[in-house]
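Enquirer: with the sequence up front, the predicted model follows.
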Amino acid sequence: MLRGSAAWGQAASAPVVHLQSPPICLNVSEQWDKLHTKNYSFTGILRSDALTLENLRELTACRAQAYDNSSVTAEERLSWIQRYLALLTNFAGKAAAMDGNNEEALQFEWTSPLAGVPSAFSKVKGVIAEQAMACITYAAALEDQACALAHELAQQDLEELRNLPEQHAAAAALYRRAAGVYEHASKEYVSQLTGAKQADRPAELRQDMVTALSKMAQGQAQAIFAHRAQVKNTTPSALASLYCGAIDLFEEASAVLKSSKDVKQTAESLRKVLALSSSYNRVKGWQAMAAHQAAQSDMGVACADLQEARRLAQESCEVAQGNSHWQQAFQQQIDVINQQLLVYDRERQVVYFQAIARHGSQLPQGKVLVRVMDFEPLKLQHELG
């Protein structure tokens, strides 16, 4: 049995071939590696009965820990960002009574890797803008955890995975939570960032960008749902519809950015990963359709579908140059397709005596199963003040 693609309807007579399983989805969390902020001290804010110096020192220290990428693990970073977001939310409520001069004093500095300017700092003015950035970094940290879990899933034996549905559910839930946090940030904070004072805010604080990020997280969750269906030996035609659902979500994200009047500049790496994520799931869709045709004994069309899948994977591998992880993912897909094609082509010639079809299948309409998990404001372990 071909390890990593047992659900592709492979012939029972196929030889045992051990290939490294391709990732479930491409790693998009690398986009956030170049997001940086300068340290900021809240202690310059006018203190009151509700906000003591101790409170402000705690908030300052928590922010520094949350965004110190060099000294914490991914799990620790998620925990610190979560705590900072909770403290900041509580701070915002108590700071609402401050006069305008103190609000103006809240000026943070962030880079904007999603705009393709990871080394230049932009000013983020006011507590609302900082809350938005805290939400976005929290969502990104959730995606980082989801990506790590999805990577572990891809390395496990398919027989074991059939009995472990909770692992797929956990990975998908992290992406769904991230999508919900992005939507919360857009609705509650980013929508308020208007006017001349916010004109130079980074791309991460543009509403269309946050919408695209939510769609991308949903696409990743959909890809995990599709992989779970593949593990369960879902019918190939239904499986193709699920992969096409992921394609739809990634293409919706791309369309939002392309048509945006608010997002003036988008990083090439972000545009590329959206396009490649769409292609990655399209390749899997063609593989599923090939299995569907093989189940109907139409091996000529099945081979044509696999050839289309391989062509797209090879083109994508070229596009992915410069990112070894993305290239490796597509190369692993190519290896799986080649082995699958070897089996199908043998049956086409020896058993069915069919020619390879001039035209392959049509991909089915996408079926989106993923639902965004609403973000519930974090409950503080203890109140400031």
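Expert: Received the coordinates, thanks.

Enquirer: by contact count, what packs against the helix or strand where residue 308 lies?
Expert: Using DSSP states H and E, residue 308 maps to helix 299-319. With contacts defined as 3 or more Cβ pairs under 8 Å, 6 or more residues apart in numbering; DSSP states H and E, the packing partners of helix 299-319 are helix 268-295, helix 324-347. (Glycine included, C-beta is placed from N, CA and C.)

Enquirer: pick the most buried one from these.
Expert: helix 268-295 (a mean of 24; mean count of other Cβ atoms under 10 Å).

Enquirer: report the distance from that helix to the chain centre.
Expert: Per Cα atoms, centre = their mean, to the nearest Å, the displacement of helix 268-295 from the mean C-alpha position of its chain is 15 Å.

Enquirer: how big is the angle separating that helix from helix 299-319?
Expert: For helix 268-295 against helix 299-319, the angle by axes from the mean of the first three to the mean of the last three Cα atoms, to 10 degrees is 170 degrees.

Enquirer: just checking, what packs against helix 268-295?
Expert: helix 207-231, helix 236-259, helix 299-319, helix 324-347.

Enquirer: so what touches stretch 363-372?
Expert: 172, 175-176, 179-180, 183, 214, 218, 221-222, 225, 237-238, 240-249, 282, 285-286, 289 (Cβ atoms under 8 Å, 6 or more residues apart in numbering).

Enquirer: stretch 217-229 too?
Expert: Here stretch 217-229 has contacts from 7, 24-25, 28, 139, 143, 146-147, 150, 153-154, 165, 168-169, 171-173, 175-176, 178-179, 182, 238-239, 242-243, 245-246, 249-250, 253, 277, 280-281, 284, 368-370, 372, using Cβ under 8 Å, 6+ apart.

Enquirer: nearest residue to the middle of the protein?
Expert: residue 217 (4.0 Å; Cα atoms, centre = their mean).

Enquirer: now it: how far from residue 273?
Expert: To residue 273, residue 217 is 12 Å away according to Cβ to Cβ, to the nearest Å.

Enquirer: is residue 293 in contact with residue 287, as I believe?
Expert: No. Using Cβ atoms under 8 Å, residue 293 is not in contact with residue 287, being 11.0 Å away.

Enquirer: name the residues contacting each of the two.
Expert: Going by Cβ under 8 Å, 6+ apart, residues that sit against residue 293 and also against residue 287 are residue 305.

Enquirer: on the three-state scheme, residue 120 is what?
Expert: Secondary structure, DSSP: H, G, I helix; E, B strand; the rest coil: residue 120 is strand.

Enquirer: now the closest residue to it other than its chain neighbours, what's its secondary structure?
Expert: Nearest in space to residue 120, with sequence neighbours left out and distances taken as Cβ to Cβ, 6 or more residues apart in numbering, is residue 111 at 6.5 Å. Here residue 111 is recorded as strand under three-state DSSP.
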